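Asks: Kindly return the folded structure for what I paste below:
(chains A and B)
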Amino acid sequence: MTTDTAVRRTITVAVPPERAFTTFTAEFDRWWPRGHHIGQAALDEAVIEPREGGRWYERGVDGSECDWGKVLVWDPPARLVLGWQISSEWAYDADLWTELEVTFTAEGPNRTRVELEHRGLDAYGDQMEKMRESLDSDGGWRGLLEQFAAAAVES
Amino acid sequence: METYRQRRALQALGDPTRREIFERLTDGPLAVGELAEELPVSRPAVSQHLKVLKDAGLVFDRASGTRRVYQVDPAAVAALREYFDSFWGQALASFRAAAESQPPTAENQPPTAENQPPDQEAP
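Replies: Numbering: from 1, shown residues only, chains lettered A, B, ... in the order given. Presented below is the predicted three-dimensional model:
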């Protein structure tokens, strides 16, 4: 068993790829969940700059800006890759590196499949794989799982 | 309840000292005293961090002879993935609703700043 450190999600939208891409990027602020911001101030606007090397960031109602990462691939209307450098506490962390890739594929004249992959989640505990290996190698995997199960039942 | 637990796990790992403690524990179970010797934090501080990690479901403790040792919970990776899976599911549903509804400005009104070349500067 290998540890999969990516999350994949697919959704189909009843619009052409151009429209889907525009919604995802230029209209990012229209759909981004409002509760997910990293600054102290409430979220005013979430922005993806429309070019490779651009920033994607939030602006709070107090005017402060907080980076989320960089635009790594800007290939409208087919593909977008963003560096996601947001820590598990919703704070920008220059040392943290995960990637978000979004592809837009036409499935009909008015139908687009949007595939999202958030990969490199092991960066959140870059020790995750090592953890798994050490658990496997010392033969403690099964016993540990049993203990976990017992602990889970107790609590 | 799962979502709540995943959130707790992520928040717990957001602290650098707790990440460090968690990382040490990935090499094998350790007691509080052993962790305190290796880290530039006091024993009570280590205990406090371990409590947060334990409450978050990232580690658990057990008796080993006369000692109490802490070790990582192998379900941590799964919890992380579930958290993001659920988060992106929610975000994409919101995205679809936006894509399939007409934007208030983009289609039938004068260009907004977003439609112009990216030459404007942040205030």
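Asks: all helices for chain B, in order.
Replies: B:2-13, B:16-26, B:32-38, B:43-55, B:76-99 (DSSP state H).
Asks: I'd like those helices laid out as CSV, including mean neighbour count, distance to A:Phe28 and mean pLDDT.
Replies: C-beta here means a position set from N, CA and C on the backbone, and glycine is covered the same way. Formatted as CSV, the helices of chain B follow (neighbours: other CB atoms under 10 Å in any protein chain shown; distance: least, CB to CB, whole Å; pLDDT from 0 to 100):
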stretch, mean neighbour count, distance to A:Phe28, mean pLDDT
helix B:2-13, 18, 23, 65
helix B:16-26, 19, 30, 82
helix B:32-38, 16, 42, 93
helix B:43-55, 17, 33, 92
helix B:76-99, 18, 9, 82
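Asks: what's around the residue of chain B found nearest chain A, how many residues?
Replies: Here chain B gets closest to chain A at one residue, B:Gly14, 2.9 Å apart by CB to the nearest CB. B:Gly14 has 16 neighbours, counted by other CB atoms under 10 Å in any protein chain shown.
Asks: List the residues that contact the residue nearest to B:Ala98 when sequence neighbours are not counted.
Replies: Sequence neighbours aside, A:Trp31 is the residue nearest to B:Ala98 in space, at 3.7 Å (criterion: CB to CB, 6 or more residues apart in numbering or on different chains). A:Trp31 sits next to A:23, B:91, B:94-95, B:97-99 when contact means CB atoms under 8 Å, 6 or more residues apart in numbering or on different chains.
Asks: how far away is A:Trp31 from B:Asp55?
Replies: As judged by CB to CB, to the nearest Å, A:Trp31 and B:Asp55 stand 33 Å apart.
Asks: tell me how far the ends of stretch A:83-94 are from each other?
Replies: End-to-end distance of stretch A:83-94 (CA to CA, to the nearest Å): 10 Å.
Asks: That stretch: how far from the chain's middle?
Replies: Computed by CA atoms, centre = their mean, to the nearest Å, the chain-centroid distance of stretch A:83-94 equals 10 Å.
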